[in-house]
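S.K.: I would like to see how this sequence folds:
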Amino acid sequence: MKLISAADAERLADPRASHTNAAPPDEAAIHDAYSAAVMRAVERVSPSVALIEVEAPNESRRRGGPQHGSGSGFVFTPDGLMLTNSHVVNGAKKIHATLPDGQRFRADLVGDDPDTDLAVVRVEANELPSVTLGDSSSLRAGQLVVAIGNPYGFQYTVTAGVVSALGRSLRSRNGRLMDGIIQTDAALNPGNSGGPLVSARGEVIGVNTAMILPAQNLCFAIPIQTARRVAGLLIRDGRVRRAWLGMGCQNVPLPKRIAAALKLAAPRGVQVVSVEKGSPAEKSGVREKDILVGLDELAIGTVDDLHRELSEERISVRVTLTVVREFDKLSIEVVPVESPGRA
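M.R.: Take a look at the predicted model:
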């Protein structure tokens, strides 16, 4: 048996003794790589994250609706353009944006798009701290992400997590399907809406939009590639233009024998349940109970497929609808027009 000295025994009895003469560790050195990455991302982006406060119009107050609301947004150009969620600012009578340094601005709505839950507001200012927009197409599951926002009025709150999944689909508040959504476990709460989802490099790769209650760690963000495109259209036109046929539809299955006989790609389609008077669909001879199964060379199996294809590029461009009417497959040519509203 090896004997130890009295001094060694004393140090073992009191672990603090072995550090009595040691130099204090450098504070930076004790931060692990994860903490350091989060702190760098926050330092780069947080000065650009705004508290968005809105006041509802008088009509909402008379109906007993909320008088005030709040969310998040972020500056993406030094001259005062900010991205946020459509549901944060849609229909607001007044909008104010407050930055972490205390600057508070009256904000004007440039445009919003409920179908993608994105909006652009502008404040009258120059040389504001602005974020760097990243590339959401290169994201991978498991990648570190940071969410910054104002949950429940607690300004400039930071949460961190990972990309849980990519390519999710999520319904916007008006029922349209949003594709390519980022799922993350970086905690979001009411008030985080419109804030940035940030990579470890300090680049914004998503716009936080929703969480699922009462589930835990199921949070979602709109990819920044979508936000870039929509923001450009909102700045140019104040809205996102979409094609419109003028018919109400619902998803329906088709008997397999009919699908096989008509050589359809899948035994399902979109049944026309209403046709608006004077619409392109009515003028082209589309009837109620027709089942739409194709648009040009593309198979249409759901209403979401149809919405996805009725983009700005199809406005005033002749398309061919493939419909099943009773037991026949017909081709109907129609020219979509610009959507008159946000259906």
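S.K.: dump the residue contacts of the closest residue in space to residue 304 that isn't next to it in sequence.
M.R.: The shortest distance from residue 304 to any non-neighbouring residue, by CB to CB, 6 or more residues apart in numbering, is to residue 177 (4.2 Å). For the C-beta atoms, the positions are set from N, CA and C on the backbone; glycine is no exception. Contacts were defined as CB atoms under 8 Å, 6 or more residues apart in numbering; by that measure residue 177 touches 169-171, 304, 307-308.
S.K.: Dump those to JSON lines, plus distance to residue 117 and pLDDT.
M.R.: Below are the contacts of residue 177 laid out as JSON lines (distance: CB to CB, whole Å; pLDDT from 0 to 100):
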{"residue": "169", "distance to residue 117": "13", "pLDDT": "87"}
{"residue": "170", "distance to residue 117": "9", "pLDDT": "88"}
{"residue": "171", "distance to residue 117": "10", "pLDDT": "86"}
{"residue": "304", "distance to residue 117": "16", "pLDDT": "88"}
{"residue": "307", "distance to residue 117": "15", "pLDDT": "90"}
{"residue": "308", "distance to residue 117": "16", "pLDDT": "89"}
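S.K.: Of these, which belong to strands?
M.R.: When strands are assigned by DSSP state E, the members of the contacts of residue 177 inside them are 169-171.
S.K.: In ChimeraX, how would I select just the buried ones from these?
M.R.: Restricted to buried positions by 16 or more other CB atoms under 10 Å, the ChimeraX selection for the ones in strands among the contacts of residue 177 reads:
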select :170
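S.K.: now the ones in strands among the contacts of residue 177 in JSON lines, with distance to residue 238?
M.R.: Putting the ones in strands among the contacts of residue 177 into JSON lines (distance: CB to CB, whole Å) gives the following:
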{"residue": "169", "distance to residue 238": "27"}
{"residue": "170", "distance to residue 238": "25"}
{"residue": "171", "distance to residue 238": "24"}
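S.K.: ok, the ones in strands among the contacts of residue 177 vs residue 261, which is closest?
M.R.: residue 169 (31.4 Å; CB to CB).
S.K.: wait, that closest one sits on residue 181?
M.R.: Yes - here residue 169 reaches residue 181: they are 6.5 Å apart, a contact under CB atoms under 8 Å.
S.K.: show me where the stretch 1-150 of the chain has strands.
M.R.: All strands of the stretch 1-150 of the chain, identified by DSSP state E, counting those that start in this stretch, fall at 49-55, 68-75, 81-84, 94-98, 104-113, 118-123, 132-133, 144-149.
S.K.: quick one on the thing from earlier: of the ones in strands among the contacts of residue 177, which is the nearest to residue 203?
M.R.: Of these, the one sitting nearest to residue 203 (CB to CB) turns out to be residue 170, at 22.5 Å.
S.K.: What ranges does this protein have for its helices?
M.R.: Using DSSP state H, the helices of the chain run over 6-13, 33-45, 58-62, 86-89, 224-237, 256-261, 280-283, 303-309.
S.K.: Determine which of these approaches residue 332 most closely.
M.R.: helix 280-283 (8.7 Å).
S.K.: quick one: the closest one to chain centroid distance?
M.R.: Distance, stretch centre to chain centre, for helix 280-283: 33 Å (CA atoms, centre = their mean, to the nearest Å).
S.K.: Run a quick neighbour tally on residue 161.
M.R.: Other residues near residue 161 number 18, with proximity taken as other CB atoms under 10 Å.
S.K.: Next up, the contacts around residue 329.
M.R.: 262, 264, 293, 322-323.
S.K.: How about the residue nearest in space to the middle of the chain: what's its closest non-neighbour residue?
M.R.: When CA atoms, centre = their mean is applied to the chain, the residue found nearest the centroid is residue 222 (2.4 Å). Using CB to CB, 6+ apart and skipping the chain neighbours, the partner closest in space to residue 222 is residue 207 (4.6 Å).
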